[in-house]
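Student: this one's structure only:
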């Protein structure tokens with residue numbers, strides 16, 4: 001299936017919004033992060049606009065390293081994604097459900113079972129955002145003093161994904177006959193043991209749940225280091241990238257597609273969906289005022305804390321001269337290496353001071369920030385789509401629910417007017433709506449290959 005003229009759209013459900021000041025906005029519910037009705041209303045808003053999926057980010061730790069930042073941050077009070085999306089699966093009927101789960105501090109059997117269950121509960125709308133842990137405080141929550149090094153995390157992740165997909169193939173699609181007359185519930189000729197033994201993980205199988213409706217839940221990935229991009233080219237079907245400019249978007253898009261082709265994959269098997277932070281107003285001034293209001297809510301301790309984290313905790317910005325220029329290099333981090341590089345490159349290109357950089361990080365997190373009218377936002381999205389910088393976008397509203405409502409009411413109609421976004425769902429499963437093929441069971445395929 002070739003690339004059509006319609007972009008894919010997801011929405012990142014950060015409870016208050018992408019902006020660090022969003023939780024203080026009067027229009028944002030103070031307890032939205034733990035309110036199922038609030039999440040259901042956001043999912044319904046996105047589903048009503050025919051978004052392809054809602055996307056939940058996650059990390060099993062707090063983010064900040066000091067109490068003054070923790071006290072002012074809204075990021076440490078949220079629900080576990082698989083639990084939340086399981087609840088939403090019975091409320092939202094068509095939209096895809098993307099949950100983030102780390103390969104560093106989970107076991108593959110657990111995740112294979114949980115994602116298969118979500119896929120059954122949602123009748124084929126589940127997706128797994130595959131991440132390796134990249135935050136400083138995760139390790140100590142699991143009995144370790146520090147994170148494994150970057151390459152070791154990806155080596156384990158590769159084995160982890162091979163195991164999980166193998167477990168999803170434990171049973172062929174028609175293995176459970178459930179024949180009350182004969183008393184046979186399962187055809188054991190269609191049962192397959194994985195018997196995986198690698199350098200990091202060992203799993204026998206089989207999984208104790210039927211093969212997911214989609215074959216595999218859709219595989220999503222967001223790593224952008226050299227190792228992460230190679231991993232995405234091998235395994236991912238949707239890649240969530242950070243591309244703050246058209247040039248960066250075209251470069252990362254081309255790199256991913258080229259690496260995927262080298263592994264024998266077609267371009268339409270790997271969908272590149274950069275993040276976009278739209279701040280939309282009916283006039284440019286109105287949009288600018290919305291962003292300025294959010295900026296006014298953010299304390300300097302939060303600004304420096306978020307910047308320290310996304311730069312990999314190799315800085316201590318609270319003790320630095322914030323009006324000095326950002327240096328051309330920083331110590332390499334063992335945390336999120338790609339984001340550190342992207343932000344540092346941006347600062348060097350634009351000759352930013354630390355104060356300017358930390359404001360930029362708070363506003364965008366390194367993603368494409370667009371502040372303007374519906375036409376201006378649509379122009380940038382369509383240009384990126386047409387110039388092969390994106391197959392679609394993961395929309396990251398600055399504040400919920402207003403930012404999502406603005407995008408749905410003002411930008412989506414403009415995208416549709418230009419023939420770039422659909423008006424209804426075209427399939428039953430997330431794979432069908434994304435135009436992705438349903439994977440064939442590996443064991444059934446092997447059996448066919450050796451049959452006389």
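Tutor: Now that the structure is in, tell me what you want to look at. These numbers come from a predicted model, not from an experiment.
Student: Tell me how far residue 61 lies from residue 136.
Tutor: To residue 136, residue 61 is 8 Å away according to CB to CB, to the nearest Å. C-beta coordinates here come from the backbone N, C-alpha and C atoms, glycine included.
Student: quick one: contacts for the residue nearest to residue 131 when sequence neighbours are not counted?
Tutor: Nearest residue to residue 131, sequence neighbours excluded (CB to CB, 6 or more residues apart in numbering): residue 102, at 5.2 Å. If you count contacts by CB atoms under 8 Å, 6 or more residues apart in numbering, residue 102 has them with 58, 59, 60, 131, 132, 133, 138.
Student: Now residue 413: closest residue in space that isn't a chain neighbour?
Tutor: Closest to residue 413 by CB to CB, 6+ apart is residue 374, at 7.7 Å.
Student: so how many other residues sit close to the one you found?
Tutor: Residues near residue 374, counting by other CB atoms under 10 Å, number 22.
Student: Look at residue 179 and say how many residues are nearby.
Tutor: Neighbours of residue 179 (other CB under 10 Å): 11.
Student: Can you report phi and psi for it?
Tutor: phi -90, psi 100 (degrees, to the nearest 10).
Student: gap between it and residue 93?
Tutor: 31 Å.
Student: which one is residue 184 nearest to, not counting chain neighbours?
Tutor: residue 177 (5.8 Å).
Student: again, but for residue 185
Tutor: Spatially, and ignoring its direct neighbours in sequence, residue 185 is nearest to residue 178 (5.6 Å; CB to CB, 6+ apart).
Student: and the one you found, that's in a helix?
Tutor: No. Residue 178: not assigned to a helix; according to DSSP: H, G, I helix; E, B strand; the rest coil it is strand.
Student: For the closest residue in space to residue 21 that isn't next to it in sequence, list the residues it contacts.
Tutor: Leaving aside its chain neighbours, residue 21 sits nearest to residue 297 (3.2 Å; criterion: CB to CB, 6+ apart). Contacts for residue 297 (CB under 8 Å, 6+ apart) come out as 21, 22, 24, 25.
Student: Please look at the last one and residue 400 and confirm they touch.
Tutor: Meaning residue 25. No. Counting by CB atoms under 8 Å, residue 25 sits too far from residue 400 to count as a contact (9.3 Å).
Student: one step back: so residue 61 and residue 136 - more neighbours on which side?
Tutor: Applying other CB under 10 Å to residue 61 and residue 136 shows that residue 136 carries more neighbours, namely 21 against 16.
Student: Tell me the secondary structure at residue 28.
Tutor: At residue 28 the chain is in coil, as set by three-state DSSP.
Student: The residue nearest to residue 184 contacts residue 188, correct?
Tutor: No. Here residue 177 does not reach residue 188: they are 10.5 Å apart, not a contact under CB under 8 Å.
Student: show me where the stretch 251-400 of the chain has strands.
Tutor: In the stretch 251-400 of the chain, the segments counted as strands under DSSP state E, counting those that start in this stretch are 271-272, 275-280, 368-372, 392-395.
Student: Give me the helices and strands touching the second one, please.
Tutor: Right, the one you point to is strand 275-280. helix 284-296, strand 368-372, helix 374-386, strand 392-395, helix 402-406 (3 or more CB pairs under 8 Å, 6 or more residues apart in numbering; DSSP states H and E).
Student: so how far is the second one off the chain centroid?
Tutor: Per CA atoms, centre = their mean, to the nearest Å, the displacement of strand 368-372 from the mean C-alpha position of its chain is 20 Å.
Student: next one: the shortest one
Tutor: Centroid separation for strand 392-395 versus its chain: 10 Å, with CA atoms, centre = their mean.
Student: who does that strand pair up with?
Tutor: Sheet pairing of strand 392-395 (DSSP bridges) gives strand 8-12 (parallel), strand 275-280 (parallel).
Student: Kindly present those as JSON lines, with separate columns for mean neighbour count, distance to residue 333 and mean pLDDT.
Tutor: Shown next, in JSON lines, are those (neighbours: other CB atoms under 10 Å; distance: least, CB to CB, whole Å; pLDDT from 0 to 100):
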{"stretch": "strand 8-12", "mean neighbour count": "25", "distance to residue 333": "23", "mean pLDDT": "98"}
{"stretch": "strand 275-280", "mean neighbour count": "26", "distance to residue 333": "20", "mean pLDDT": "98"}
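Student: out of those strands, which comes closest to residue 205?
Tutor: strand 8-12 (31.3 Å; CB to CB).
Student: For that closest one, give me every contacting residue.
Tutor: Applying CB under 8 Å, 6+ apart, the external contacts of strand 8-12 come out as 18, 42, 46, 51-57, 96, 98, 238, 271, 273, 275, 391-397, 404, 421, 434.
Student: model confidence over the longest helix anywhere in the chain, on average?
Tutor: Ranked by residue count and defined by DSSP state H, the top helix of the chain is helix 150-168. Averaging pLDDT along helix 150-168 yields 97.
Student: Can you tell me which helices and strands that helix packs against?
Tutor: Helix 150-168 packs on helix 108-121, strand 126-131, strand 196-197, strand 202-203, helix 226-235, going by 3+ CB pairs under 8 Å, 6+ apart.
Student: how about that helix: buried residues?
Tutor: 150, 153-168 (16 or more other CB atoms under 10 Å).
Student: How about stretch 415-422?
Tutor: 415, 416, 420, 421, 422.
Student: same thing with stretch 36-47?
Tutor: Under the neighbour-count criterion of 16+ other CB under 10 Å, stretch 36-47 has 38, 39, 40, 41, 42, 43, 45, 46, 47 buried.
Student: Does the last one lie in a helix or a strand, and which?
Tutor: This points to residue 47. helix 36-48 (DSSP states H and E).
Student: and the direction of that helix versus that of strand 8-12, what angle?
Tutor: Angle, helix 36-48 to strand 8-12, by axes from the mean of the first three to the mean of the last three CA atoms, to 10 degrees: 170 degrees.
Student: what secondary structure does residue 436 sit in?
Tutor: coil.
Student: how many neighbours does the nearest residue to it once chain neighbours are set aside have?
Tutor: Counting by CB to CB, 6+ apart, residue 436 lies nearest to residue 237, which is 5.4 Å off, once chain neighbours are set aside. Using other CB under 10 Å, residue 237 has 23 neighbouring residues.
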